[in-house]
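Asks: Give me the fold of what follows.
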Amino acid sequence: MNRVGFIASSLLVALALLSSMMFVVDQRQYGVVYALGQIKHVITEPGLNFKLPPPFQNVSYIDKRLLTLDSADAEPMLTLEKQRMVIDWYVRWRITDPQAYIRNVGLDEAAGANQLNRVVRNAFQEEINKRSVKDILSHKREALMAAVKKEVLEVVKGSNPWGVDVVDVRITRADYVDAITESVYRRMEAERKRVANELRSEGSAEAEKIRADADRQREVIIANAYRDAQKIKGDGDAQATAIYARAFNQNPEFYAFYRSLEAYKASLSKKSKKPLKIRSRSSLCAKFAVSASVLVATPNRETSTSMAM
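Replies: Next up is the predicted model:
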């Protein structure tokens with residue numbers, strides 16, 4: 001029984017020792033094997049590997065993928081005209097030599113990102129001091145990014161290489177500081193308001209001009225219409241007068257009777273609140289027609305009587 005337990009415990013210890021001696025390197029990583037605190041060797045290919053059990057040998061991993069470093073702060077930088085600008089940027093970089101990286105930078109990616117951030121920022125500050133705002137905001141931005149990348153590569157690949165490669169340096173935003181931006185915005189707003197007021201005043205003047213022209217045309221149209229109406233009314237009155245004249249000439253007695261009725265009507269309307277009801281002109285015209293027919297018929301009867309005699 002004791003022998004079985006001893007064998008089982010021995011197997012467990014052997015398995016634990018074997019598992020501590022094996023490690024797997026992922027294809028996205030470097031495997032760095034340390035022997036008593038010193039770098040023994042670096043494994044760059046993925047797969048299963050073996051080492052001595054701790055504390056004789058240990059293994060750590062470093063990312064071999066393309067990494068991105070974004071600008072951490074927004075401290076203003078001075079241009080050639082002493083204008084304060086805020087530059088946001090990012091850097092694409094990777095670790096190419098893990099041994100040099102560990103010796104000169106640090107044990108993980110964060111240490112390299114911190115030092116690279118300082119170097120990139122200093123390079124941007126130096127290059128922006130040589131350029132104007134127009135160069136930074138125009139198509140010459142590409143030249144600025146190329147110059148910064150060149151300076152960063154000179155540092156990381158200099159006499160004391162970092163074991164990293166800087167693939168690209170890009171500017172994501174270049175703008176004035178908030179105080180200057182607000183001032184520019186206010187100035188632009190005032191300019192837009194001035195232009196808007198000018199356009200409103202010009203529009204008002206044009207509207208008054210159009211309104212005055214419309215009023216003038218309306219007066220001309222009304223005057224022409226009144227003239228034509230008076231002309232038509234005058235022609236109608238002339239025709240009516242001619243008709244009345246011909247009718248009254250046919251029967252002067254009826255005309256005298258009609259004039260006397262008009263005089264009675266005028267005198268009575270002044271004295272009484274209830275005006276005298278007199279037949280309308282149409283009824284008088286009808287009476288006049290009857291009288292005219294009677295007058296026409298009277299000579300015919302006289303002629304027939306004389307012929308009978």
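
Asks: Summarise which helices and strands the host helix or strand of residue 198 is packed against.
Replies: Assigned by DSSP states H and E, residue 198 belongs to helix 178-250. If contacts are counted by 3 or more Cβ pairs under 8 Å, 6 or more residues apart in numbering; DSSP states H and E, helix 178-250 sits against helix 252-271, helix 281-308. For every residue, glycine as well, the C-beta is placed using N, CA and C.

Asks: Comparing the ones you listed by mean pLDDT, which bottoms out?
Replies: Across these, helix 281-308 has the smallest mean pLDDT, namely a mean of 43.

Asks: May I have stretch 7-14 as PDB, with CA atoms only?
Replies: In PDB, the C-alpha atoms belonging to stretch 7-14 read as follows (Å, rounded to 0.1, in the frame of the first residue of the first chain):
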ATOM      1  CA  ILE A   7       4.600   5.500  -7.000                       C
ATOM      2  CA  ALA A   8       1.500   7.800  -7.300                       C
ATOM      3  CA  SER A   9       3.200  10.700  -5.600                       C
ATOM      4  CA  SER A  10       6.300  10.200  -7.600                       C
ATOM      5  CA  LEU A  11       4.200  10.300 -10.800                       C
ATOM      6  CA  LEU A  12       2.500  13.500  -9.700                       C
ATOM      7  CA  VAL A  13       5.800  15.100  -8.900                       C
ATOM      8  CA  ALA A  14       7.200  14.000 -12.200                       C
END
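
Asks: Centre of the chain to it, how far?
Replies: Its chain's C-alpha centre and that of stretch 7-14 lie 76 Å apart, by Cα atoms, centre = their mean, to the nearest Å.

Asks: likewise stretch 261-272?
Replies: Worked out by Cα atoms, centre = their mean, stretch 261-272 lies 80 Å from the chain centre.

Asks: Paired strands for the helix or strand encompassing residue 58, with orientation please.
Replies: Secondary structure assigned from DSSP H and E places residue 58 in strand 57-63. In the sheet, strand 57-63 lines up against strand 29-35 (antiparallel) (DSSP bridges).

Asks: just checking, residue 248 touches residue 254?
Replies: Yes: proximity of residue 248 to residue 254 meets the contact threshold set by Cβ atoms under 8 Å, at 7.5 Å.

Asks: out of those two, which sits in the busier spot?
Replies: In this view residue 248 and residue 254 are compared by other Cβ atoms under 10 Å, and residue 254 has more residues nearby, 18 against 15.

Asks: Give me the distance between that one and residue 261.
Replies: 10 Å (Cβ to Cβ, to the nearest Å).
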